[in-house]
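A.B. asks: Fold the following for me, if possible:
(3 chains)
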Amino acid sequence: MTTTPAPSTTAQARTHALHTPVIAWFDANARDLPWRHPEAGPWGVMVSEFMLQQTPVSRVLPMYEQWLARWPRPADLAAEPPGEAVRAWGRLGYPRRALRLHAAAAAIAERHGGEVPTDHAELLALPGVGEYTAAAVASFAYGQRHAVLDTNVRRVLARAVTGVQYPPNATTAAERRLARELLPDAEPVAARWAAATMELGALVCTARAPECGRCPIAAHCAWRAAGSPAHDGPPRRGQTYAGTDRQVRGKLLAVLREAHGPVPQAALDAVWDEPVQRARALDGLVADGLVEPLEGASYRLPLT
DNA sequence: AACTCGTGGTC
DNA sequence: TGACCAAGAGT
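C.D. replies: Numbers count the residues shown, from 1 in each chain, chains lettered A, B, ... in the order given. Purely as a prediction, here's the structure:
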C-alpha cells in the first residue's frame, strides 16, 4: 500500500491528499438539510438551488417547505399563473428567480414529460439554470460527476490550492480547470466531493472568519502555509442598496404581492416619492414580466 | 466584461 | 453603522 505517487506537483497528485479528509469531514459534519433527503427528489433539489442563489440557507428553509408542499411536482407549479410563484416567493429577494423557476417548471412539463432532466445540457437550457445550477442538480440529484463551482467551492480552492484569501470576482477559466482537475474519478465520489467542498466553505472556510482549527485540510492549505496573507487586488465589490432602483422595485412589488386584485397607480405612487425613479422601477418590473399593466392605470402580478 | 437584480443578518 | 456577505443568472 506504499505505492508512492509520482513526485509531481500536478493537481492529480494533490487531489488524493484532499479528497479523503474533506469527505470524511463531510460525513461527520454535514447539515441535515431537507433537500438532501432522498424524498426531496430532483425537483426538490432544483427548487432549493433556485432559492439558494445569493440567499442564505436560514432564509430558504421555511420557503422551501412551503413550496414543496404546495407544488410537489413541476407540473403543479406550471399549472398556476406565474404571478402565484412571485407571490409565494415572499421576501426571498431577486423575484425574477420565481418567474424563472415557474418557466423552468413549464419547460419540464412540456419538453421533459414532467421529470427534471438528467442531462447537463438539457438542464442548462432551462430558464434560470446557469453553469452552477446545472452542475449542482446533475451532481446532487443524479449523482453525476461535474465540477460544481459556487462561491463556497471557489473560496475553498482559492485558499487551499491557489493560496489566496479570495477568488476573483468573476469565475475564470483557470478556476474551472482547477475544479475539473481536482474532481475524483469515480462518479459517486465526485458527487460527494462536490457537496463536501461546498459545505466546508459554508461552515468552516467562511469568507470573514475561517475556523482553520476545525478544517480537515488546514495542513494542506496553501493560504495558511503562506501566512494567511490579506487579499490584495481590486475591492471585492460594492453592493449598495439604499436609494437604488432595486429598493424601489422591492417596495413596489411588496404592495403587489399583498394585493389580490388590481392595484391602482396611486397605491404604488405612495411607496416612493421621486417620480422619475419610481416610474423607471415600475417600467422595469413590467419589462421583466414581474408586473402586468391593466386598463385604467392599475397593475397586478402576471396571470400569464 | 461589467452591471443589474432583493433582502436581511452580521460585526 | 455602514460595508460586507449569502448554493448566481442574464444581458
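
A.B. asks: CA only for contacts and neighbour counts going forward, please
C.D. replies: Noted.

A.B. asks: A:Leu253 versus A:Phe50, what's the distance?
C.D. replies: Distance, A:Phe50 to A:Leu253, using Cα to Cα, to the nearest Å: 19 Å.

A.B. asks: which one of the two has more residues nearby?
C.D. replies: A:Leu253 (25 against 18; other Cα atoms under 10 Å).

A.B. asks: Any figure for the gap between the more buried one and A:Ala105?
C.D. replies: 22 Å.

A.B. asks: Same check on A:Glu84?
C.D. replies: Counting by Cα to Cα, the gap from A:Glu84 to A:Ala105 is 13 Å.

A.B. asks: So for these two, which sits in the more crowded spot?
C.D. replies: A:Ala105 (28 against 17).

A.B. asks: isn't the more buried one right up against A:Leu77?
C.D. replies: Yes: at 6.4 Å, A:Ala105 counts as touching A:Leu77 under the criterion of Cα atoms under 8 Å.

A.B. asks: Now do the residue nearest to A:Gly90 when sequence neighbours are not counted, the pLDDT please.
C.D. replies: Excluding the flanking residues, the one nearest A:Gly90 by Cα to Cα, 6 or more residues apart in numbering is A:Arg257, at 7.6 Å. The model reports A:Arg257 with a pLDDT of 97.

A.B. asks: what residues are up against A:Arg257?
C.D. replies: A:Val86, A:Arg87, A:Gly90, A:Leu301 (Cα atoms under 8 Å, 6 or more residues apart in numbering).

A.B. asks: which element is the residue of chain A found nearest DNA strand B on?
C.D. replies: For chain A, the residue closest to DNA strand B is A:Gly250, as judged by Cα to the nearest atom of the strand, at 2.9 Å. In this structure, A:Gly250 sits in helix A:245-258 according to DSSP states H and E.

A.B. asks: which bits of the stretch 1-150 of chain A sit near DNA strand C?
C.D. replies: Listed as neighbours of DNA strand C in the stretch 1-150 of chain A under the rule Cα under 7 Å from any atom of the strand: A:33, A:48-49, A:52-57, A:94, A:100, A:126-134, A:150.

A.B. asks: burial measure for the residue of chain A closest to DNA strand B, as a count.
C.D. replies: Neighbours of A:Gly250 (other Cα under 10 Å): 18.

A.B. asks: Kindly report the same for A:Ala230.
C.D. replies: Neighbours of A:Ala230 (other Cα under 10 Å): 10.

A.B. asks: Isn't A:Ala138 up against A:Val148?
C.D. replies: No: with contacts counted by Cα under 8 Å, A:Ala138 stays clear of A:Val148, the gap being 9.5 Å.

A.B. asks: Neighbour count for the two, which is higher?
C.D. replies: Taking neighbours as other Cα under 10 Å, A:Ala138 and A:Val148 compare with A:Val148 leading, 30 against 25.

A.B. asks: So for chain A, the centremost residue is which one?
C.D. replies: With distances taken as Cα atoms, centre = their mean, the residue of chain A nearest its centroid is A:Gln53 (2.7 Å).

A.B. asks: separation between that one and A:Arg224?
C.D. replies: Distance of A:Gln53 to A:Arg224, computed by Cα to Cα: 29 Å.

A.B. asks: what do you get for A:Arg236?
C.D. replies: Counting by Cα to Cα, the gap from A:Arg236 to A:Arg224 is 20 Å.

A.B. asks: what about these two, which has more around it?
C.D. replies: A:Arg224 (17 against 12).

A.B. asks: contacting residues around the more buried one?
C.D. replies: Taking Cα under 8 Å, 6+ apart as the test, what A:Arg224 contacts is A:Arg159, A:Ala160, A:Gly163, A:Ala218.
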